[in-house]
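K.L.:
This is a predicted model, with the sequence first.
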Amino acid sequence: MTGRGRETMLHGKSLVVVGFVLAAWASSAIGQFPLAEEMSGQTVDAAHRADEQVLAPSPVPNATVESALFYLFGGALLVSAIGVCVCKSVVRMATWLFGALGAAAVLYFLMGATFLGAIQLIVYAGGTLILIIFGVMLTSKSPWVRFECRRIEFWAAGGVVGVLFCALITLLVGTDWPTPAVAPQPVTIAMFGEALLTTYLVPFEVASVLLLVVMIGAAYLARQERS
Amino acid sequence: MFLIGLTHYLILSAAVLCCGLFVMMTKRNAIGILIGVELVLNSVNINFVAFDRYRPDGGFDGQVAALFVIVLAAAEAAVAVAICMNLYKNINTIDVDRGDALHG
Amino acid sequence: MTRMSVPWRPGGKQVHRGPAALVAGIAKALYATFAPLVRAFPGPLLIGAIVAVIVGVWINYLVFEFVDDSLVASSTNLAGETGLLGGPLALGEVRAGLTTSGVPGSGILCYVLYPLQYGVVRDVVSMGGILGFISVIPLYTIWWERKVAGRIQSRTGPMRVGGWHGWSQSMADGIKLICKEDLCPASADRPLFKLAPYLAFVPAILAFFALPFGTYWVFRQVDVALVFILAMLGIEVIGVILAGWASNNKWSVYGAMREACQMVSYEIPMGMALLIPIMVVGSLSLTTVGDTQSEGWTSWIVFRSPFTFAAAVAYFVAALANCKRAPFDLPESESELVAGFHTEYSGFRWSLFFFGEYAAMFVVSGLCVILFLGAWYSPLPMSLADRWGLGDSVGARAIKGLLFAGPLWFVAKCVFLLYVQIWIRWTLPRIRIDQVLYACIQVLLPLMMVLLLGHTLYELFVPVHGFVWTVFNLVLSLIGAVFVLGMIFIATYGFWNRVGLVGSLGVETLPGS
């Protein structure tokens, strides 16, 4: 089938697995605990405490490690987003989207939003993507769903988006954002729950009603007509 | 320049937003447009969380807002997929340019 | 003289180059060393290996617990109650600490413990442990499944490779799979076809990162561990769907579609079943949930109320469907779909799907054990250890680790649940896809809603340790005990009378028995 030797292919595969795991380790290292201390040779006991409330904010954030991880996963997010743009097949687009969602989840971990990252993985990656693939499979006639747009449309869209991007960049770089050098504050799930049931009670209830409406509505829209 | 700050996150999110908009403009497949919408919503979420992370007072309102965005995105995806199925049932394709029955 | 035309080169010697030569050399040398030994003493070696693993795990447990304790102690000494730490301990300090706590052999042990105070070293060590564990678990679950299947069908299962009951059959299969050609169908979507097995396998490893094996035995202590593990189980399905889609084979697409249907349906009752123990404890951290069940088997959440008892059973059913195990193995039902989503796969990529599946089986069993079945605690209450006067000395900790709590108990319970999964697979017929969906949407989902609501009301209105609560707790605990003891009794009875079983002829006459 291929001209390459079996051994090299095998090692390539093992390396992919190891690479995935290492990337996950790197992201998990910073997500919950101050990697800074581990890297600088200091010890961390919070990591192994049983009590979740013990997680002490890290004294000094290791900005270098955080920056490196940001470039790694931010780059992954960007590459995936561009991949969504250039792919023609819908399933490939969905796969790239999955990469983007995963990278965004890792960025949330990086910013100390553990709960949000986990929710992002479970809701988007687990649910939305399955819905999308479902939709693709139910709505396509051939295995390769391709809808080409006209060349002029492509360039027009590219021009509009390019102008918008340049404008945004100018605005963002020009603005003087107040950025205090604070470490990412881990937001525990208990804090989240309390906020949802006190400050944000009304939006929370409205969201749950909305979900119910959406459930009924989607079932109604997608139902089989009985003849 | 290497060390990151709020601006870096915002630029990243702007880039993802532009990618999402581009996808929404150039794809004629309804599911493809849905994927573009998901990208846009994600860039918004990154903004929310990034503003939150660089807040000096340690509040997390941005994260709660991002949570609601995720909930709404899931709901929106469910309805959108149902609409796509309906579209396919009626006109036998999910090319959005063909869904012009209401065209005057 | 006619030469038979064969697709492979006859008589050619396999030549390895580069790093492969090194690996092949090591493998050959290992085989040359161990094969005669294993052939000569199969039984003692197997028992010795099990004992060595148990002792190793236990020593590891002690070491990690000790490191944690000494770190906490030194941190409070150095920085008061704030939890901030000073610099790393010097080698001498570690030795002094060991000597004062009366650990034998502190002169050598301090060299082992010294690097373990660095987070990176501990991460690397525990990651190696996870990867090793995740490679061993599927190998032996597969072997065990084949043995159990054999017994259930009155035959013997693998008997030859390795001598004693074919104990190295899975390893031999693994070597075969690694050497097989890596095929990709011509009309497949190549990048997705190649990516899919990793998406099915890697999340299973990542799930182990947040799965605690004991109070201190967790790679990352995350307060959203449960959500994270559920997310990883969900991502695994994406790999399966992509595999089915990218194969460009209608059987594979059918398998993938079924998997998608099954997964999105059964995730809901599964999540709702897991909410009940979460509601009891009030935390999503699996370590916290596990630590609330330390007071003997009556304190396990499964026996807390009739609702948790039913929820545990319902969770197990949903978990079976989630891991696409029989009777819900429609995505790969070999009698109708060839092999479902992995029809087109071969070799290493094919084996990745199986590693992923068996690792996921372990993960869902682990969730069940942590959330319902007392986590890493034995049926004996921890307070008994205090009553026996077991302190913090090394010997006392060893007894505690073996009798009361520890990763060994966790693994043992998980293995029991793995056995139940295997047992169900080989005794129940597969059900139709519409029956699968009916069972979820119209049976499990309403049942779970009733259970969730019912348990909420139970927690609100039935006073804990009141009369009703105690009666229910005791009755349910008794039912559980009778069930487990009955299973043990039946297994023992079958073992003693195995000569009378139909498959015993093969057992008596085959080599290595």
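P.N.:
In hand now; what should we look at? Numbers count the residues shown, from 1 in each chain, chains lettered A, B, ... in the order given.
K.L.:
from what I can see B:Ile94 touches B:Asn29, true?
P.N.:
Yes - counting by C-beta atoms under 8 Å, B:Ile94 touches B:Asn29, with 5.9 Å between them. Quick note: C-beta positions are derived from backbone N, CA and C, even for glycine.
K.L.:
Please identify which of the two sits among more neighbours.
P.N.:
B:Ile94 (28 against 24; other C-beta atoms under 10 Å in any protein chain shown).
K.L.:
what about the helices in chain A?
P.N.:
A:6-32, A:35-39, A:63-86, A:90-110, A:114-119, A:129-139, A:151-174, A:189-197, A:201-221 (DSSP state H).
K.L.:
Find the residue ranges of chain B scoring beneath the pLDDT cut-off.
P.N.:
Within chain B, the segments meeting pLDDT under 70 span B:1-2, B:58, B:103-104.
K.L.:
in it, what residue is nearest chain C?
P.N.:
B:Ala78 (10.5 Å; C-beta to the nearest C-beta).
K.L.:
Using the three-state scheme, assign that residue.
P.N.:
Of the three states, B:Ala78 takes helix according to DSSP: H, G, I helix; E, B strand; the rest coil.
K.L.:
residues near it, how many?
P.N.:
21.
K.L.:
And the residue of chain C closest to chain B?
P.N.:
C:Val264 (10.5 Å).
K.L.:
Can you tell me the element that residue falls in?
P.N.:
For C:Val264, the host element (DSSP states H and E) is helix C:250-281.
K.L.:
how about that helix: buried residues?
P.N.:
Neighbour counts using 16 or more other C-beta atoms under 10 Å in any protein chain shown place C:251-267, C:269-278, C:280-281 of helix C:250-281 among the buried residues.
K.L.:
repeat for stretch C:324-337
P.N.:
C:324-333, C:337.
K.L.:
just checking, what packs against the host helix or strand of C:Gly486?
P.N.:
Following DSSP H and E, one finds C:Gly486 within helix C:467-496. With contacts defined as 3 or more C-beta pairs under 8 Å, 6 or more residues apart in numbering or on different chains; DSSP states H and E, helix C:467-496 has these neighbours: helix C:306-322.
K.L.:
Domain map for the chain?
P.N.:
You didn't say which chain, so I picked chain A. Domain ranges of chain A: A:10-43+A:59-147, A:188-227, per automatic domain parsing.
K.L.:
The intended chain is chain C.
P.N.:
Domains of chain C are assigned by automatic domain parsing as C:28-80+C:88-117, C:179-461.
K.L.:
follow-up on the earlier one: helices and strands around the helix holding C:Val264, which ones?
P.N.:
Helix C:250-281 packs on helix A:129-139, helix C:225-246, helix C:286-291, helix C:306-322, helix C:334-337, helix C:347-371, helix C:433-438, helix C:445-461, going by 3+ C-beta pairs under 8 Å, 6+ apart.
K.L.:
and that helix with helix C:445-461, angle?
P.N.:
10 degrees (axes from the mean of the first three to the mean of the last three C-alpha atoms, to 10 degrees).
K.L.:
quick one: helix C:250-281 to chain centroid distance?
P.N.:
Helix C:250-281 sits 19 Å away from the centroid of its parent chain (C-alpha atoms, centre = their mean, to the nearest Å).
K.L.:
hmm, back to that, what inclination does the helix holding C:Gly486 have with respect to helix C:445-461?
P.N.:
130 degrees.
K.L.:
Select the helix or strand of chain A having the lowest average pLDDT value.
P.N.:
helix A:35-39 (a mean of 33; mean pLDDT, DSSP states H and E).
K.L.:
Lowest average confidence across the domains of chain A, which one?
P.N.:
Averaged per stretch, pLDDT over those is lowest on domain A:10-43+A:59-147, reaching a mean of 69.
K.L.:
Contact partners for the spatially most central residue of chain C?
P.N.:
What sits nearest the mean C-alpha location of chain C, by C-alpha atoms, centre = their mean, is C:Phe362, with 2.7 Å. With contacts defined as C-beta atoms under 8 Å, 6 or more residues apart in numbering or on different chains, C:Phe362 is in contact with C:137, C:141, C:414, C:418.
K.L.:
Looks like the last one contacts C:Ile142 (just checking).
P.N.:
No - applying C-beta under 8 Å as the test, C:Leu418 and C:Ile142 come out as separate, 10.9 Å apart.
K.L.:
one step back: in the helix holding C:Gly486, what counts as buried?
P.N.:
C:469, C:472-473, C:476-477, C:480.
K.L.:
would TSV of the residues you listed with distance to C:Gly25 be doable?
P.N.:
As requested, these are exported to TSV (distance: C-beta to C-beta, whole Å):
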residue	distance to C:Gly25
C:Trp469	65
C:Phe472	63
C:Asn473	60
C:Leu476	58
C:Ser477	56
C:Gly480	52
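K.L.:
what's the farthest-apart pair in the residues you listed?
P.N.:
With C-beta to C-beta as the measure, no two of those lie farther apart than C:Trp469 and C:Gly480, at 16.4 Å.
K.L.:
Could I get the CA-only coordinates of the strand or helix carrying C:Ala29 as CSV?
P.N.:
If you go by DSSP H and E, C:Ala29 is part of helix C:19-40. This file holds the C-alpha atoms of helix C:19-40, laid out as CSV (Å, rounded to 0.1, in the frame of the first residue of the first chain):
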residue,chain,number,x,y,z
PRO,C,19,15.3,2.3,16.4
ALA,C,20,13.2,-0.7,15.2
ALA,C,21,16.3,-2.9,15.3
LEU,C,22,16.9,-2.0,18.9
VAL,C,23,13.3,-2.7,19.9
ALA,C,24,13.3,-5.9,18.0
GLY,C,25,16.6,-7.0,19.6
ILE,C,26,15.2,-6.2,23.0
ALA,C,27,12.0,-8.1,22.3
LYS,C,28,13.9,-11.2,21.0
ALA,C,29,16.3,-11.2,24.0
LEU,C,30,13.3,-10.8,26.4
TYR,C,31,11.5,-13.7,24.7
ALA,C,32,14.6,-15.9,24.8
THR,C,33,15.0,-15.2,28.5
PHE,C,34,11.5,-15.5,29.7
ALA,C,35,9.8,-18.0,27.5
PRO,C,36,11.7,-21.1,28.9
LEU,C,37,11.1,-19.8,32.4
VAL,C,38,7.4,-19.3,31.9
ARG,C,39,7.1,-22.6,30.2
ALA,C,40,8.8,-24.3,33.2
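K.L.:
helices or strands next to that helix in the packing?
P.N.:
helix A:6-32.
K.L.:
thinking C:Gly340 is in contact with C:Gly255, fair?
P.N.:
Yes - here C:Gly340 lies in contact with C:Gly255, judged by C-beta under 8 Å, at a distance of 2.9 Å.
K.L.:
Give the intersection of the neighbour lists for the two.
P.N.:
C:244, C:330-333.
K.L.:
OK, contacts around A:Ala100?
P.N.:
Counting by C-beta under 8 Å, 6+ apart, A:Ala100 makes contact with A:77, A:80-81, A:84, B:16, B:39, B:42.
K.L.:
doesn't C:Tyr438 make contact with C:Ser265?
P.N.:
No - C:Ser265 is beyond contact range of C:Tyr438, at 10.0 Å (criterion: C-beta under 8 Å).
K.L.:
I'd like to know how many residues surround C:Ser299.
P.N.:
18.
K.L.:
for chain B, what spans make up the helices?
P.N.:
B:6-26, B:30-53, B:61-91.
K.L.:
mind putting these in TSV, distance to C:Val222 included?
P.N.:
As requested, the helices of chain B are exported to TSV (distance: least, C-beta to C-beta, whole Å):
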stretch	distance to C:Val222
helix B:6-26	23
helix B:30-53	17
helix B:61-91	16
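K.L.:
No more questions from me, cheers.
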